[in-house]
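S.K.: The following block contains a protein sequence and its predicted model.
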Amino acid sequence: MPSNILVFLTDDHAQWAAGCYGNSEVRTPTLDHLAETGVVFDNAYTPSPVCSPARASFFTGRMPSQHGVHDYLAEADEDVRATPWLSGEKLISEILREQGYFTGLSGKWHLGHGEHAARGFDYWYSRAAPVSEAEGYEAPWPLTKPAEKRYDRHAITDHAIEFLRNRDAGKPFFLVVGHLATHSPWTGAPERLVSHYRRATFADIPNDVTHPHGRLRSESLYPTRDNPREALAQYYGAVTDIDEQVGRIVDELDTLDIRDDTLVVYTSDHGLNTGHHGIWGKGNGTLPYNVLDESIRIPLIVNHRGSVLGGQRRRENVGHVDTFRTLLETAGAQLPDTPSTPYPGTSYRSALLGRTMPEARPLVFAEYGNLRMVRSDRFKLVRRHAEGPHEMYDLRADPRETDNVIDDPTLTVHRDRLDEEMRRYFATYEEPGRAGTHVLEQPRHNGDEAWRETKPPVLVETSEWLVHLEDAIQERRRLRTEEHDALKDAR
């Protein structure tokens, strides 16, 4: 029988926030054990630095310009709910169920109608839209089990364990667990953990000055400006809490005597900045939106006592579209032949076995709305189509991405080469009508789509980064007022 597959797809868990990735203070003993006895990918990147498009790429194995999800989906919005997201795409749950797997999801979905099971799932526990796990917060949208008002890490774990205990034991299983305690507003982590981290130094967080384009999407959701240390303690507490929940589920594999038969994957939809670059948030944490390394780097740990060569740290560039291909190969499943454009990922199964990846990629590509990025081991090029601003960073000389060298004449050859690589890549991996470069023609995602924010809140040079976030927020409000008045006058 093929291997069981258990995937932890956590929300907003940045790569830097785990002991096995070098953080000296956050406690992640379960992840560290999975890393020590499994495979850790140091260069794992999300294809998009915000929740819904990144998750869509995991479930479809395709880029946002192929599957058509370009920003987070506000699932309570009627227009958003009416859109058939991922229509025409074959989900990994469908492929594996056709392969004979018993399939399930417990936790975050965030790709439309979370209260109803998505295609290909035999078991489903989720709800309609992201809500906080803060203490006392109740889900305002229906859950799949209406008697339950709480939707937190314990319920998600409990339902994952219920799936394992009640599954069809005659079939291999595929289970996705979507924890979200690490998502904002960073106020509801267990006090026993938060009290420990209030004594932390947070030495692993760089002391960056405030990014001039930093913004808080909703000031009420981010209690970070006045008390960032408390927000950090909450975030670290949430990471450790999720680590404990992962441990409960892995222990259940041992209890059921199926650990050796189960491939375990731990990853996150995208990264997060918690003061890095002076901002709090991910790709939509700045105006204009960003693909800073902390926003796109994700943890990726793969463990299988039955087949994976443990104790490895791999340097290949990988991400969600590659995990999709790897899980299909693990299950003995073939790629669907339905899309009109090819699948961009490469299986890293050979790396799990300690071998060379024959098709390892030297470049990383990502996109968010009409932003596109290509990253080599030295340079990162960011294009915002069509008006900009555009960016290029020499990551060897400037790993904190503070010196935009897009107009440096001595780097023209490197910039042109990356431009050509980007053009060729998206010419291959782009579906007609779904391209990010034509994102204004796409359906409504949330009403506050990142690409609609065309003016940065503070127009300053990179060398003038000592700008307070409150000033940035006020400037953005002023610009919005001017735009509103101009529209009124035009009418």
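M.R.: Done, it's in. Every value quoted in this text rests on a predicted model; they were computed, and no experiment measured them. Numbering: from 1, shown residues only.
S.K.: Buried residues, the helix or strand containing residue 238. List them.
M.R.: Using DSSP states H and E, residue 238 maps to helix 228-255. Neighbour-count burial for helix 228-255, counted by 16 or more other Cβ atoms under 10 Å, picks out 228, 230-247, 249-250, 252-253. Just so you know, the C-beta spots here come from the backbone N, C-alpha and C atoms, and that holds for glycine as well.
S.K.: Tell me where the stretch 201-350 of the chain has helices.
M.R.: With DSSP state H, counting those that start in this stretch applied, the stretch 201-350 of the chain shows helices at 228-255, 293-296, 320-331, 349-352, listed in chain order.
S.K.: which outside residues touch the last one?
M.R.: The set of residues external to helix 349-352 that reach it, using Cβ atoms under 8 Å, 6 or more residues apart in numbering, is 39, 41, 302, 304, 307-309, 312, 314, 316, 326, 329-330, 356-358.
S.K.: and the residues you listed, which two are the farthest apart?
M.R.: Greatest spacing in the contacts of helix 349-352, by Cβ to Cβ: 304 and 358 (20.7 Å).
S.K.: quick one, which of these two is more surrounded?
M.R.: Neighbours were counted for residue 304 and for residue 358 using other Cβ atoms under 10 Å; residue 304 has more, 24 against 8.
S.K.: ok, the more buried one to residue 353 distance?
M.R.: Relative to residue 353, residue 304 is positioned 10 Å away (Cβ to Cβ, to the nearest Å).
S.K.: Next: residue 433.
M.R.: In this structure, residue 433 and residue 353 are separated by 40 Å, where distance is defined by Cβ to Cβ.
S.K.: In terms of packing, which of the two has more residues around it?
M.R.: A side-by-side neighbour count of residue 433 and residue 353, using other Cβ under 10 Å, places residue 353 first with 12 against 9.
S.K.: Give me the phi and psi angles of the more buried one.
M.R.: Backbone dihedrals for residue 353, given as degrees, to the nearest 10, come out at phi -90, psi 0.
S.K.: Residue 421 too?
M.R.: Note on residue 421: its backbone torsions stand at phi -60, psi -40 [degrees, to the nearest 10].
S.K.: from what I can see it touches residue 363, true?
M.R.: Yes. Counting by Cβ atoms under 8 Å, residue 421 does reach residue 363; the two are 5.9 Å apart.
S.K.: hey, what's in contact with both of these two?
M.R.: Joint contacts of residue 421 and residue 363 (Cβ under 8 Å, 6+ apart) are residue 374.
S.K.: what about residue 313, how many residues close to it?
M.R.: Burial of residue 313, expressed as a neighbour count using other Cβ under 10 Å, amounts to 10.
S.K.: Where does the closest residue to it other than its chain neighbours fall, secondary structure wise?
M.R.: Sequence neighbours aside, residue 40 is the residue nearest to residue 313 in space, at 5.0 Å (criterion: Cβ to Cβ, 6 or more residues apart in numbering). Counting by DSSP H and E, the secondary-structure element that holds residue 40 is strand 39-45.
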